[in-house]
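Student: Starting from these lines, generate the structure:
(one chain, ligands or ions: 1)
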Amino acid sequence: MADATDTVESVVASVASAAPEIRSGLAGRRTYDDGANPSGDRQLEADVYADGLLEERLLAIESVAGYASEERDSVVVPDADGGADGNRYHVAVDPLDGSSNLKSNNAMGTVFGVYDEPLPAEGSALVASGFVLYGPITTMAVARGGTVTKSVIDGGTRRIVNPDLTLPEEPTVYGFGGRVPRWSEEFSAYVSEVESELKLRYGGAMIGDVNQVLTYGGIFGYPGLRDRPEGKLRLCFEGHPIAHVVETAGGASSNGTRSLLSLTPDRLHERTPLFVGNEAYIDRLEAALG
Ligand code: F6P
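Tutor: Next up is the predicted model:
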């Protein structure tokens, strides 16, 4: 069996080296393609470009047995068979999270998870996860071996700026998606409490909003809605990796009832209500929704 540490480093290095290319490719790819992704979202040329680049780079890693992307119906497998002992890791990617922010020129990200089981799998099968944030600068957070590291990506170099990122103990920010009239009564009551304690920060790209929580402490969520109880975000591509990062950083995750990492999607593109942040806020959320 291929070594998880080597595979994870290869995946991290590939995503890090693709990030400046994805970023520099954004300016000329702000128009919509004809297609839609499997969740029905319209695809920008930038979504398709980032997906193609990551597919090529990640499937070139010998121990990667499958590439699952939010932009594709099903898992893509490499052309060449990596051998009986090889090809045991499976990568899930949201190539350009929050790409609707391209129109307004706000933050976006790339999210990835490395699993040791074929997808879709339970969150506990994750051996590493991470994200790139395309903000004023490009940063990358990676959770592996019980630690989250944060780096700055500058051209071809990746420089660690925080070797052990943990959620601040004193939370200060919150952000929740979905229009307020579509929230349940229980969730609205919870938000009223949170509003009196924390400061609103919502930018419309999960990675940007979760990064605020990782930086300042607090809670981010996209709840189940009255007419869409499953919420908007996808478990395999957004829920699992981001829950893994936040839990590794000392925080908690939930679908409203239990940790996102304990969930196994029936379908690759299954959606889930998603909450991540400081444990005290996740505990109170579960009590409020329960
Ligand atoms: O993946 C979908 C996404 O763009 C997330 O990054 C983000 O959290 C959410 O949708 C924003 O949704 P809305 O436009 O409803 O606020």
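
Student: where exactly do the strands run in the stretch 51-200 of the chain?
Tutor: Secondary structure of the stretch 51-200 of the chain (DSSP state E, counting those that start in this stretch): strands at 64-69, 89-97, 108-115, 126-134, 138-144, 147-154, 157-162, 173-176, 199-200.

Student: So what's the gap between the third one and the chain middle?
Tutor: Here the centre of strand 108-115 is set off from its chain's centre by 5 Å, with CA atoms, centre = their mean, to the nearest Å.

Student: swap in the shortest one?
Tutor: Computed by CA atoms, centre = their mean, the chain-centroid distance of strand 199-200 equals 22 Å.

Student: what element comes up after that strand heading to the C-terminus?
Tutor: Using DSSP states H and E, the next helix or strand after strand 199-200 towards the C-terminus is helix 206-216.

Student: Ser99 is in contact with Met206, correct?
Tutor: No: counting by CB atoms under 8 Å, Met206 does not reach Ser99; the two are 11.2 Å apart. Any C-beta I mention is one placed from the backbone N, CA and C, and that applies to glycine too.

Student: quick one: the closest residue to the ligand within the stretch 151-290 of the chain from Ala36, how far?
Tutor: Of all residues in the stretch 151-290 of the chain, the one sitting closest to the ligand is Met206 (3.5 Å; CB to the nearest ligand atom). Distance from Met206 to Ala36, counting by CB to CB, to the nearest Å: 19 Å.

Student: The two - which one has more neighbours?
Tutor: Taking other CB atoms under 10 Å, Met206 and Ala36 do not tie; Met206 has more neighbours (26 against 12).

Student: need the contact list for the more buried one.
Tutor: Residues in contact with Met206 (CB atoms under 8 Å, 6 or more residues apart in numbering) are Asp97, Gly98, Gly109, Val111, Phe220, Tyr222, Leu233, Glu238, Ile242, Leu274.

Student: What is the distance between the helix or strand bottoming out on mean pLDDT in the chain and the centre of its chain?
Tutor: Least confident helix or strand of the chain, by mean pLDDT, DSSP states H and E, is strand 32-36 with a mean of 79. Strand 32-36 has its C-alpha centroid displaced from the chain centroid by 22 Å (CA atoms, centre = their mean).

Student: Quick one: residues in contact with it.
Tutor: So strand 32-36 is contacted by Arg42, Gln43, Leu44, Glu45, Asp47, Val48 (CB under 8 Å, 6+ apart).

Student: Please repeat the previous calculation with a cut-off of 7 Å.
Tutor: For strand 32-36, contacts defined as CB atoms under 7 Å, 6 or more residues apart in numbering pick out Arg42, Gln43, Leu44, Glu45, Val48.

Student: my guess is Ile61 meets Ser10, correct?
Tutor: Yes: counting by CB atoms under 7 Å, Ile61 does reach Ser10; the two are 4.6 Å apart.
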